[in-house]
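[1] following is a predicted model, sequence given first.
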Amino acid sequence: MTWEVLNIIGTIAFAISGAIVAMEEEYDILGVYILGMTTAFGGGAIRNLLIGLPISDLWNQGALFILAITVITIVFLFPFGALKQWKKWGTFTDAIGLSAFAIQGALYAASMNHPLSAVIMAALLTGSGGGVIRDVLAGRKPLLLRGDIYGVWAMLAGLLIGVGMVNQTWGLYALFVLIVILRMLTVYFKWSLPYRSLKDANYSRKER
Amino acid sequence: MTWEVLNIIGTIAFAISGAIVAMEEEYDILGVYILGMTTAFGGGAIRNLLIGLPISDLWNQGALFILAITVITIVFLFPFGALKQWKKWGTFTDAIGLSAFAIQGALYAASMNHPLSAVIMAALLTGSGGGVIRDVLAGRKPLLLRGDIYGVWAMLAGLLIGVGMVNQTWGLYALFVLIVILRMLTVYFKWSLPYRSLKDANYSRKER
Amino acid sequence: MTWEVLNIIGTIAFAISGAIVAMEEEYDILGVYILGMTTAFGGGAIRNLLIGLPISDLWNQGALFILAITVITIVFLFPFGALKQWKKWGTFTDAIGLSAFAIQGALYAASMNHPLSAVIMAALLTGSGGGVIRDVLAGRKPLLLRGDIYGVWAMLAGLLIGVGMVNQTWGLYALFVLIVILRMLTVYFKWSLPYRSLKDANYSRKER
């Protein structure tokens, strides 16, 4: 298992996620492809933009593009009697994508000697930026901002890499597994962050 | 007829389109100008960003800026008893803009020796990117992702240029006319892409 | 009073604004931080992107990041019995932020010898760009495009700097105060721009 493999799994997971959301919004087949590709590659594009790498580096990923397009085609043609099945392992591959992309983003930023805040932001943006673009293009409020615990795990990966606690190969693998497990536990136990509503006149803090 | 002319017509068409959408959303006059300018120049900004050209190249288009602002002013003051008339030739100038901008974007990317996928994406983004920004700023789901056939024609232009089938001047003019005709036929015959809805529990494929 | 101070006040004001909107949308605590940071720093990121400065310059603002995070934390924990109080001086700090950021953006663009249109756009985008990103991420139609008079004051600052009418230190301070006053008068007297609705079949121009 190498980082290449993680990158491939992450790309597949996010391409599936974008394609599913597009079909939920009744977008046409071009919309399904665009949303799938945007979700798979958008996080990396935002990361490159913010940490100063050329965005055009995206185009050197020809093999990943073909892979993502193939996966989206399969999803579009898939018999969805088994959809509940998909939701289960879809959450799992998505957690793998989050973890792999967050760690990648943090390593990129750290290797460029950016400060800690940039490393944490790169992890957050690479891990979840594609999903935010997906939600905006689908006319939804971004899940990252209101769902269960998601972005925090990406930021945790960025923090541990940014402070130098994790830098050897075995440590990165352990971190990868840890983030996946934390994300799966979040879904299983329905962990969520506190929020505070200013919707009503009567302002009070509550737990969701 | 030169590419300058096409560029001018495309800019005009997209500026009108953005201004009309802003008025449909009851945005104020500044909103009308911003949405008109964003639609006219946003596609090119995204293209420059993704293929690695400096975005600040935008500012060397002073004459086009003044033209777009003039056109938006006229649209804002226009007596709209004749609106249905507008919709007809508006679709036509929009088709010209899509075709001209898609071909321009593809030529830019091809001249930088980007791979085929980048050329196709540059055509798609330059031709339709401004419209996506317009729809997001108007709080709408992007037409590109769910309307009739639109982005596909831009991608077709990118494909034919990217594989080198069209590279001479007369070929580019022929391609320009072809894309306009295909887009107009789409509107006339209400062609649309297949889609697949995951909205309901009962998943099944349908044609729109 | 120096530009550093203005920059700090502007960052604080916009961080508060983003955090409040996130709580109005019932986003969770991570959403509150992300929206606060995006509103405070998003305008500058867009400005850097469009006028050709590296976006990664953002990361050299470590002290401002810590300040913004501190402010958002305070807002999240604040007892909101006094909210109506907040709205009053919130509008005032927001006006300070708009003015300071618009002038900063215009100075940046002017120092790079961009044409007048770019200077005005840089003022507009730096002053109000963060708010547009905030509104899109909150699933709202951007206030800039439909609210009372806001962006026009930023553009006015850009115009006066771009034509060289204001370039000395005392002139910039006077301009800063002028923009704040104009913005506060807008709110007090409910000034708004004309708009024109194409919502209904019966198109007619009206004042709001």
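    Nice, thanks for sending it over.
[2] if I look at the residue nearest to residue A:54 when sequence neighbours are not counted, how far off is residue C:15?
    The shortest distance from residue A:54 to any non-neighbouring residue, by C-beta to C-beta, 6 or more residues apart in numbering or on different chains, is to residue B:52 (5.4 Å). (Glycine included, C-beta is placed from N, CA and C.) Using C-beta to C-beta, to the nearest Å, residue B:52 is found at 33 Å from residue C:15.
[3] higher neighbour count, these two?
    Under the criterion of other C-beta atoms under 10 Å in any protein chain shown, the comparison of residue B:52 against residue C:15 puts residue C:15 first, with 29 against 16.
[4] got the buried residues for the longest helix anywhere in chain A?
    Looking across chain A with DSSP state H, the single longest helix is helix A:83-111. Buried residues in helix A:83-111, counting neighbours by 16 or more other C-beta atoms under 10 Å in any protein chain shown, are found at A:91, A:93-110.
[5] same thing with stretch A:18-30?
    For stretch A:18-30, burial by neighbour count (16+ other C-beta under 10 Å) applies to A:18, A:19, A:20, A:21, A:22, A:23, A:25, A:26, A:27, A:28, A:29, A:30.
[6] ok, now stretch A:164-174?
    So for stretch A:164-174, counting by 16+ other C-beta under 10 Å, buried means A:166, A:172.
[7] from the contact counts, what lies against the strand or helix carrying residue A:181?
    Using DSSP states H and E, residue A:181 sits within helix A:169-189. On a contact count with 3 or more C-beta pairs under 8 Å, 6 or more residues apart in numbering or on different chains; DSSP states H and E, helix A:169-189 meets helix A:83-111, helix A:151-162.
[8] may I see those arranged in JSON lines, with mean pLDDT as well?
    Converted to JSON lines, these look like this (pLDDT from 0 to 100):
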{"stretch": "helix A:83-111", "mean pLDDT": "79"}
{"stretch": "helix A:151-162", "mean pLDDT": "94"}
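[9] got JSON lines for these, with distance to residue A:184 too?
    Output for these, formatted as JSON lines (distance: least, C-beta to C-beta, whole Å):
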{"stretch": "helix A:83-111", "distance to residue A:184": "6"}
{"stretch": "helix A:151-162", "distance to residue A:184": "10"}
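[10] sorry, back to before: and the next helix or strand past the helix holding residue A:181?
    Using DSSP H and E, the helix or strand that directly follows helix A:169-189 along the chain is strand A:195-197.
[11] tell me the residues of chain A that contact chain B?
    Within chain A, the positions lying close to chain B (C-beta under 8 Å from any C-beta of the partner chain) are A:20, A:22-32, A:34-35, A:45, A:49, A:54-56, A:58-59, A:62, A:65, A:76, A:80-81, A:83, A:136-139.
[12] could you check the angle helix A:83-111 makes with the helix holding residue A:181?
    Orientation check (axes from the mean of the first three to the mean of the last three C-alpha atoms, to 10 degrees): helix A:169-189 against helix A:83-111 gives 140 degrees.
[13] name the residues of chain A found near chain C, please.
    Checking chain A against chain C by C-beta under 8 Å from any C-beta, the hits are A:49-52, A:114-115, A:117-118, A:132, A:136, A:139-142, A:144-147, A:151-152, A:192-199, A:203, A:208.
[14] so among those residues, which ones count as buried?
    The buried subset of the residues of chain A next to chain C - by 16+ other C-beta under 10 Å - is A:49-52, A:114, A:117-118, A:132, A:136, A:139, A:141-142, A:144-147, A:151-152, A:192-193, A:195-198.
[15] can you tell me which of the residues of chain A next to chain C are in helices?
    Those of the residues of chain A next to chain C lying in helices (DSSP H): A:49, A:50, A:51, A:117, A:118, A:132, A:136, A:144, A:145, A:146, A:151, A:152.
[16] pLDDT at the fourth one, what is it?
    Confidence at residue A:117, expressed as pLDDT, is 83.
[17] hmm, residue C:60 and it touching each other?
    No. With contact defined as C-beta atoms under 8 Å, residue A:117 does not reach residue C:60; the gap is 10.4 Å.
[18] how close does residue A:24 sit to residue C:143?
    Per C-beta to C-beta, residue A:24 is found 29 Å from residue C:143.
[19] over to residue A:128?
    Residue A:128 is 25 Å from residue C:143, by C-beta to C-beta.
[20] neighbour count for the two, which is higher?
    More crowded of residue A:128 and residue C:143, by other C-beta under 10 Å: residue A:128, with 28 against 17.
[21] shouldn't the more buried one be within a helix?
    Yes. Counting by DSSP: H, G, I helix; E, B strand; the rest coil, residue A:128 falls inside a helix.
[22] show me what contacts it?
    A:43, A:98, A:102, A:144, A:150, A:151, A:154 (C-beta atoms under 8 Å, 6 or more residues apart in numbering or on different chains).
[23] how about these in CSV, adding distance to residue A:122?
    Shown next, in CSV, are these (distance: C-beta to C-beta, whole Å):
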residue, distance to residue A:122
A:43, 10
A:98, 14
A:102, 9
A:144, 15
A:150, 16
A:151, 13
A:154, 9
